[in-house]
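Enquirer: here is a sequence with its predicted model. Questions after.
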Amino acid sequence: MTRTLSFGRIFHIPVRLHYSWLLALVFLAIGMIFYYHGTYLWWEGVHYGLVAGALFFLCMFARAILARILVPRAFHVPIKSLTLCIFGGIPRITEEDARLGSEFLMSIVGPAVNLVLAAIFYLSFSIMSIEEITPLSEILRWQYYFNLMIALFNLIPAYPLDGGRFLRALLWAAGQDLNRATRITSLMGFIIGLLIIITGMVAIFWSSQWFTGPTLIFAGWLLQEAAWAMRRRARVRNALRGLSAQYLLTDDYTPIKEQLSFAVVRDYIINSGQRCFMVLDEGELLGIVTLRDIQIQEKRWSTTTVGELMTPVSKLKTAKPTEPIASLLELMEEFDIDQIPVLDEGKLSGMVTRHRVLRFLQARAILKA
């Protein structure tokens, strides 16, 4: 899924936060203003909404760790990255690394975590509200509703929801084709998302459900977006099946030395038309200089070296010659990068660029048309 923010690493796995969480916090704050209208001041409603949103995020964060990180690790399945979205976490696992048992267990553990949390919050609310209902007990009751609704919503057989993940695993086991199972269940996710949006619109215009309706529209929209992204990824993977990085390698780059000052190479970098330059030392990649890196003040041109401007290789996304092209394209889209250097035993073999891969896909689509 695109439009994400970096959220650090967990167990050395890059974690990204989907923008839906920011929208959800705004939605909750506005909802709480109306819910507490006449009981508390508007700014208190916003405060309670943000607290409820933060607590719900912690619940979903715990769910993602248990169901999307620890379960695959138990099956020795490597996770490339994890995206946290409002209805759960979406791990990026390549087809080559996927395991049937891990897929089944992930689809079960996710809703189970939410149901357990819902029971805990309901019990806490019941105990705290014996004498009177306080704002804190109200927040706990909302957490009960949130976790219960997420558990039930995830039972829908639409990928990437847990129900869809379970169905995908069944289709995978029956047909021995994970890519085809992904395309089928993600298409179901798109269609079901559209139906949920229509239901939300009906709830607004026919029943005046001004909270339920927008909630359904929001949920259907997010499901549609996630399902379409998964379907697109599966189709691209199918088109690039069997192709490794070495197949689309390019050496269309200029090597430069890290000792050179920026003043010496500035004009060449700007006028070359190239987007990046490899900083090499006897064939070993030290880093990359891109057009984004050269935005420095003129007074620093003569005193700044290429080595100071470059992004060091330790911070780059790199690949081996045998790595699948599809995985590299997903990596470039996820982290918004245009090229990935390909290293063979520490030496630079070339690089794979997003432009080159997309041109290849376009040419293949035309030839198959």
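Expert: Sure thing, it's come through.

Enquirer: flag the shaky bits of the stretch 201-350 of the chain, pLDDT-wise.
Expert: Counting by pLDDT under 70, the stretch 201-350 of the chain shows no low-confidence range.

Enquirer: that one: strands as residue ranges?
Expert: Assigned by DSSP state E, counting those that start in this stretch, the strands in the stretch 201-350 of the chain fall at 254-256, 276-281, 284-290, 311-312, 339-344, 347-353.

Enquirer: adding distance to Ile130 and mean neighbour count, write those out as JSON lines.
Expert: For glycine as for every other residue, the C-beta is placed from the backbone atoms N, C-alpha and C. Converted to JSON lines, these look like this (distance: least, CB to CB, whole Å; neighbours: other CB atoms under 10 Å):
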{"stretch": "strand 254-256", "distance to Ile130": "72", "mean neighbour count": "16"}
{"stretch": "strand 276-281", "distance to Ile130": "65", "mean neighbour count": "20"}
{"stretch": "strand 284-290", "distance to Ile130": "62", "mean neighbour count": "19"}
{"stretch": "strand 311-312", "distance to Ile130": "59", "mean neighbour count": "14"}
{"stretch": "strand 339-344", "distance to Ile130": "59", "mean neighbour count": "21"}
{"stretch": "strand 347-353", "distance to Ile130": "63", "mean neighbour count": "20"}
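
Enquirer: which of the ones you listed sits closest to Arg183?
Expert: Nearest of those to Arg183, taken as CB to CB: strand 347-353 at 24.5 Å.

Enquirer: if I look at Arg292, how far off is Ile13?
Expert: As judged by CB to CB, to the nearest Å, Arg292 and Ile13 stand 26 Å apart.

Enquirer: wasn't His6 part of a strand?
Expert: Quick fix: residue 6 is Ser, not His. Yes: according to DSSP: H, G, I helix; E, B strand; the rest coil, Ser6 belongs to a strand.

Enquirer: for it, give me its contacts.
Expert: Neighbouring residues of Ser6 by CB atoms under 8 Å, 6 or more residues apart in numbering: 14-17.

Enquirer: any idea what it is bridged to?
Expert: Under DSSP bridges, the beta-bridge partners of Ser6 are Arg16.

Enquirer: how much space separates it from Ala62?
Expert: 20 Å.

Enquirer: pretty sure Thr185 contacts Ala169?
Expert: No: applying CB atoms under 8 Å as the test, Thr185 and Ala169 come out as separate, 9.5 Å apart.

Enquirer: so which of the two has more stuff around it?
Expert: The neighbour comparison of Thr185 against Ala169 (other CB atoms under 10 Å) goes to Thr185, with 28 against 23.

Enquirer: if I look at the more buried one, how far off is Val71?
Expert: According to CB to CB, Thr185 and Val71 sit 19 Å apart.

Enquirer: for Val202, same thing?
Expert: Here the criterion is CB to CB. By it, Val202 lies 37 Å from Val71.

Enquirer: so for the two, which sits in the more crowded spot?
Expert: Val71 (22 against 13).

Enquirer: any idea which element that one lies in?
Expert: Val71 belongs to helix 71-74 when assigned by DSSP states H and E.

Enquirer: beyond that helix, next helix or strand please.
Expert: Sequence-wise, the next helix or strand downstream of helix 71-74 (DSSP H and E) is strand 81-85.

Enquirer: can you list contacts of the helix or strand just after that following strand?
Expert: Once strand 81-85 ends, the next helix or strand along the chain (criterion: DSSP H and E) is strand 88-92. Outside strand 88-92, the residues within contact range by CB under 8 Å, 6+ apart are 1, 60, 63-64, 67-69, 72, 79-83, 106, 110, 150, 154, 160-162, 226, 330, 334.

Enquirer: quick check: domain ranges of this structure?
Expert: As assigned by automatic domain parsing, the chain contains the domains 4-155, 175-239, 245-368.

Enquirer: around Gly31, how many other residues sit close by?
Expert: Gly31 is flanked by 19 other residues according to other CB under 10 Å.

Enquirer: so what's it up against?
Expert: Contacts for Gly31 were tallied using CB under 8 Å, 6+ apart; they are 49, 211.

Enquirer: report pLDDT for the most centrally placed residue in the chain.
Expert: When CA atoms, centre = their mean is applied to the chain, the residue found nearest the centroid is Thr83 (3.3 Å). On the pLDDT scale, Thr83 is placed at 92.

Enquirer: could you give the bridge partners of it?
Expert: Per DSSP bridges, the residues bridged to Thr83 are Arg16, Ile90.

Enquirer: now swap in Asp281 and tell me
Expert: Glu284.

Enquirer: surely it and Pro255 touch.
Expert: No: look at Asp281 against Pro255 with CB under 8 Å: they stay out of range, at 9.4 Å.

Enquirer: chain neighbours aside, what residue packs nearest to Gln224?
Expert: Nearest non-adjacent residue to Gln224, counting by CB to CB, 6 or more residues apart in numbering: Gly193, 3.4 Å away.

Enquirer: next: Thr303.
Expert: Counting by CB to CB, 6+ apart, Thr303 lies nearest to Ser261, which is 7.2 Å off, once chain neighbours are set aside.

Enquirer: for Ser20, give me its contacts.
Expert: Ser20 makes contact with 85-86, 222, according to CB under 8 Å, 6+ apart.

Enquirer: pLDDT value on the residue of the chain positioned farthest from its centre, please?
Expert: In the chain, counting by CA atoms, centre = their mean, Glu131 sits farthest out from the average C-alpha position, at 43.9 Å. pLDDT, Glu131: 77.
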